[in-house]
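> Structure for this input, please:
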Amino acid sequence: MQNKNKTVIRSMDLLHLFLTHTKLSMNDMIRLSGIPKSSVHRMIGSLSDMGLLHKDEEGLYSLGLLFLQFGNLVAERLDIRGVAAAEMRRLRDEIGEAVHLAVRDGDSSMYIEKLDTDHPVRLFTKMGRRAPLYAGASSRILLAFMPEGERDAYLDEVEPEAIGLGTIVSKPKLREALEEARAHGYAFSRSELENYTAELSAPIFDHTGKMVAGLSIAGPEVRFGEDGLAERIRLVKEAAHGVSLKLGYAGPPA
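Sure, this is the predicted structure:
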């Protein structure tokens, strides 16, 4: 406690109660926090005056709208590339393949960050590269977790064209692949954008539960055989979920 303000710490203890409770009475806060009634009364008054707590007509308290303002500012100012950097490095070092961070830009996906591997045989890509949402694991994971209405509108309008040997051009097969991606939390592609390459991608979600990016590994198709693929899937999903948690996501892994 040295050099720490006890009143501030106790006030935070009260606010932390609302992480698991939507509304609380003053007696609830006293009981749950173990803080003396007189102290709780003073702190509630100060927190309410500052807009950090709101008291309704029934005398129950909830978090104030000031948290919404701060929360939106934090979300707006988060640089997803910076947030994802540590997980991307860890994933690259564990798997030894190039790691990409992709976002949706209209009807395309776009790489906004990448980490190369020092493997002598590797896939060369660049930031800013675009691909249609129907082709490649990074694109398809973004399409799979788009809002249903937007996804259906896109699928109704798009006419998939072959880019690589493995590009999915059949709409029924594309819809099936999207359903599998949503069900299993990852997308996998072979020779869809470039022949003899493979990519494995998982979704990243923000604090609202909205999908905001895809994290992927990519490399020569020969290194993406059945042996070890399950472990790679686990590591990619784990890394994507790690980024989601840093963005404030509170839900389960995809």
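
> quick one: the helices in the stretch 1-150 of the chain?
In chain order, the stretch 1-150 of the chain shows helices spanning 6-16, 26-33, 37-49, 65-77, 80-95, 137-144, 148-157, with DSSP state H, counting those that start in this stretch as the criterion.

> would you turn those helices into a markdown table with mean neighbour count?
For every residue, glycine as well, the C-beta is placed using N, CA and C. As requested, the helices of the stretch 1-150 of the chain are exported to a markdown table (neighbours: other Cβ atoms under 10 Å):
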| stretch | mean neighbour count |
| --- | --- |
| helix 6-16 | 14 |
| helix 26-33 | 16 |
| helix 37-49 | 15 |
| helix 65-77 | 11 |
| helix 80-95 | 17 |
| helix 137-144 | 29 |
| helix 148-157 | 12 |
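
> If I average pLDDT within each of those helices, which one is lowest?
Least confidently modelled of the helices of the stretch 1-150 of the chain is helix 65-77, at a mean of 72 by mean pLDDT.

> returning to what we had before: list just the one of the helices of the stretch 1-150 of the chain that sits closest to G219.
Closest approach to G219 among the helices of the stretch 1-150 of the chain (Cβ to Cβ): helix 80-95, 8.8 Å.

> what's the closest one packed up against?
Using 3 or more Cβ pairs under 8 Å, 6 or more residues apart in numbering; DSSP states H and E as the contact criterion, the secondary-structure elements in contact with helix 80-95 are strand 98-105, strand 108-115, strand 211-220, helix 229-246.

> winner for burial among these?
strand 211-220 (a mean of 25; mean count of other Cβ atoms under 10 Å).

> Only C-alpha atoms, please: export stretch 104-116 in PDB.
Coordinates of each C-alpha in stretch 104-116 appear next as PDB, following Å, rounded to 0.1, in the frame of the first residue of the first chain:
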ATOM      1  CA  ARG A 104     -11.800  -6.100 -44.700                       C
ATOM      2  CA  ASP A 105     -11.900  -3.200 -47.200                       C
ATOM      3  CA  GLY A 106     -15.200  -3.200 -49.000                       C
ATOM      4  CA  ASP A 107     -15.400  -6.400 -51.000                       C
ATOM      5  CA  SER A 108     -11.700  -7.200 -50.500                       C
ATOM      6  CA  SER A 109      -9.300  -8.300 -47.800                       C
ATOM      7  CA  MET A 110      -6.100  -6.400 -47.300                       C
ATOM      8  CA  TYR A 111      -2.900  -7.200 -45.500                       C
ATOM      9  CA  ILE A 112      -2.100  -4.400 -43.000                       C
ATOM     10  CA  GLU A 113       0.800  -6.200 -41.300                       C
ATOM     11  CA  LYS A 114       3.100  -9.100 -41.900                       C
ATOM     12  CA  LEU A 115       6.000 -10.900 -40.400                       C
ATOM     13  CA  ASP A 116       8.400 -12.900 -42.600                       C
END
